[in-house]
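> Have a look at this prediction, sequence included:
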Amino acid sequence: MALRRPHRKSRHGCLECKRRRVKCDEARPVCSNCAKRHAECEYGSSTSLLWANEERLQGPSDQDRDRDRDRDRDRDRDLMSGIGSMGSVSVSTGSPATTADTLGLLNRLSDTSSAVPVLNLHDLELMMQWCNTTFHTLSRTERTDPVWRNNVPEEALSHPFLMHGILAVSALHLARTDSDPSSRSNYLTRAVAHQNQALALFREILGEINESNAKAMFAFASIVVVYTFGFPAPPDVQDPWTSVDDLYQVLVLTRGIQQVIRSPSDYLSQSTFAPILQVEPITAAPLPSDAANTINQLHEANEVCGSRNKSHETEIYTSTIDNLAEMLSWVYGGMTASVIAGRWAIRLPARFMELLREREPMALVMLAHYGVLLQAMRHRWCFGEWCVRVAKAVWAILDEQWRPLVDWAMRAILGANYVEQMVA
């Protein structure tokens, strides 16, 4: 009669494996079953962050322990005898037996029956990437550098969702900048896995923001925006609305930061995170004549549309154009930090976001000019080709009536021969 092979029950498996009632190998951040099925792998909120899978080894018997102790004592005695026989080395710290007893004590202090963690060098690599390079993506100045480089990782030790977020954006950074295509693919897979785990944990406490998690929530919200901007776009996108809808989602996430920090903002301003919230004085430069003429042209077009169509949201667009003019003055004043992209989005009227979702032409015109702000940050890995994507998408969508309003933006982003580029 064949004996049934015993197996260890999975008591801490992911939610997907539990739902399917299959054994989970509990691999982090994505178990083997979910990896094969390309499913979202989530673990319960009570599960702590693991740097590596922990394998519990069966404790040795008393007989094995005695045998190992005798073997260690003999080895140590041989070692010290060898050192003492070397003419150039003088051993004056005690007899070989005494030293062997000391080393034996160290052996006895170690508990070989406890869990032995497997060091996950991949995640350590991502944390080093954050501390050495990636934190600069969110930092504005030397004053905010220590917060993002030191305080945020320290906060992540107590908040697994933030730790996964840090590892996700670090992996994405490597995926976008590594010169080896195979490495880029591997980093991207790890970025998605960590981000899925981070969002699953983040969603569970999103409605419970308090002083204990306010710093972690704010840091993670900022990281999510960078991650969303930096995630590579699908290749060969034929539908221009895809790019517009993608950027719309990024703007929604960016505006969400304001909601995350609204309730605990007073606490954050008194914490170690205060430098992040305190924006330094910005030198606003006068707009060049071509940019100033474009702002005036946008205001005139807005007024004309309002006079012809009573449903046209004149005040909303006036506020949006003024917002654009201010951000452009920051750019011409030398500001190239990512704060510009976020500040424009946060200051947008809520109604403008609805108009953009409704695909109103004037809202699309404003989105094309937002691409000029993104152009100023094109050197940053996470913004990359967003300016080109949004400019080409809006041009393809607008008809001949509206295209003259985006001429300056198209030239600023694609150059004077942008029309030829669009036809090609």
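Looks like it came in fine. Numbering: from 1, shown residues only.
> Show me what counts as buried in stretch 18-26.
24, 26 (16 or more other Cβ atoms under 10 Å). C-betas here are computed from N, CA, C, even on glycine.
> With just CA atoms, put that stretch into PDB.
Extracted as PDB, the C-alpha positions of stretch 18-26 are listed here (Å, rounded to 0.1, in the frame of the first residue of the first chain):
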ATOM      1  CA  LYS A  18      -6.500  30.800  -0.600                       C
ATOM      2  CA  ARG A  19      -9.400  31.700  -2.900                       C
ATOM      3  CA  ARG A  20      -8.500  29.000  -5.400                       C
ATOM      4  CA  ARG A  21      -7.800  26.600  -2.500                       C
ATOM      5  CA  VAL A  22      -4.400  25.600  -3.800                       C
ATOM      6  CA  LYS A  23      -1.100  25.400  -1.900                       C
ATOM      7  CA  CYS A  24       0.900  28.600  -1.900                       C
ATOM      8  CA  ASP A  25       4.700  28.500  -1.700                       C
ATOM      9  CA  GLU A  26       4.500  31.900   0.100                       C
END
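> most residues in a single helix of the chain, which one?
helix 181-205 (DSSP state H).
> tell me the angle the helix or strand following it makes with helix 181-205.
Note on helix 181-205: by DSSP states H and E, the next helix or strand toward the C-terminus is helix 214-230. If you take axes from the mean of the first three to the mean of the last three Cα atoms, to 10 degrees, helix 214-230 sits at 140 degrees to helix 181-205.
> Specify the residue ranges that define each domain of the chain.
121-267, 289-423 (automatic domain parsing).
> now those domains as JSON lines including mean neighbour count and distance to K18?
Below are the domains of the chain laid out as JSON lines (neighbours: other Cβ atoms under 10 Å; distance: least, Cβ to Cβ, whole Å):
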{"stretch": "domain 121-267", "mean neighbour count": "18", "distance to K18": "14"}
{"stretch": "domain 289-423", "mean neighbour count": "18", "distance to K18": "35"}
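> Output those domains as CSV; include the columns mean pLDDT and distance to C31.
Below are the domains of the chain laid out as CSV (pLDDT from 0 to 100; distance: least, Cβ to Cβ, whole Å):
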stretch, mean pLDDT, distance to C31
domain 121-267, 89, 10
domain 289-423, 92, 29
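> right, and those - which one's nearest R21?
Closest approach to R21 among the domains of the chain (Cβ to Cβ): domain 121-267, 20.0 Å.
> Could you work out the end-to-end span of that closest one for me?
End-to-end span of domain 121-267 (Cα to Cα, to the nearest Å): 36 Å.
> how about CSV for the domains of the chain, with distance to A27 added?
Shown next, in CSV, are the domains of the chain (distance: least, Cβ to Cβ, whole Å):
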stretch, distance to A27
domain 121-267, 10
domain 289-423, 28
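> Would you tell me which of those domains gets closest to K36?
domain 121-267 (13.0 Å).
> on that earlier part again, quick one: residues in contact with the longest helix of the chain.
28-30, 40-43, 45, 122, 126, 160-165, 167-169, 171-172, 174-176, 178, 213, 217, 220, 224, 227, 232 (Cβ atoms under 8 Å, 6 or more residues apart in numbering).
> So which of those residues sit within helices?
Short answer: the contacts of helix 181-205 in helices (DSSP H) are 122, 126, 160-165, 167-169, 171-172, 174-176, 217, 220, 224, 227.
> got the CA coordinates for the helix or strand hosting A409 in PDB?
When elements are assigned from DSSP H and E, A409 belongs to helix 407-414. Output of helix 407-414 as PDB, limited to C-alpha atoms (Å, rounded to 0.1, in the frame of the first residue of the first chain):
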ATOM      1  CA  ASP A 407       1.100  75.500 -32.600                       C
ATOM      2  CA  TRP A 408       3.400  77.100 -30.000                       C
ATOM      3  CA  ALA A 409       3.300  74.000 -27.800                       C
ATOM      4  CA  MET A 410       4.100  71.700 -30.700                       C
ATOM      5  CA  ARG A 411       7.000  73.800 -31.800                       C
ATOM      6  CA  ALA A 412       8.400  73.900 -28.200                       C
ATOM      7  CA  ILE A 413       8.200  70.100 -27.900                       C
ATOM      8  CA  LEU A 414       8.900  68.700 -31.400                       C
END
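> Use 500 as the first number from now on
All set: I'll call the first residue 500, so the last point we hit is now helix 906-913.
> Please enumerate residues in contact with it?
789-790, 792-793, 867-868, 870-871, 874, 886-887, 890-891, 894, 917, 920.
> any idea how far it is from the chain center?
30 Å (Cα atoms, centre = their mean, to the nearest Å).
> quick one on the thing from earlier: relative to helix 659-676, how tilted is the longest helix of the chain?
Using the same axes, to 10 degrees: helix 680-704 against helix 659-676 is 160 degrees.
> how far is helix 680-704 from where the chain is centred?
9 Å.
> Contacts only, for the most centrally placed residue in the chain.
Compute the mean C-alpha point of the chain, and by Cα atoms, centre = their mean the closest residue is V668, 3.1 Å away. V668 sits next to 629, 633, 636, 690, 722, 725-726, 729 when contact means Cβ under 8 Å, 6+ apart.
> and stretch 731-750, how far apart are its ends?
16 Å.
> who's in contact with it?
Against stretch 731-750 from outside (Cβ under 8 Å, 6+ apart): 674-675, 687, 724, 727-728, 844, 847, 852, 855-856, 858, 863, 866, 884-885, 888-889, 891-893, 895-896.
> do that again at 6 Å, thanks
For stretch 731-750, the external contacting residues (Cβ atoms under 6 Å, 6 or more residues apart in numbering) are 727-728, 844, 855, 888-889, 892, 895-896.
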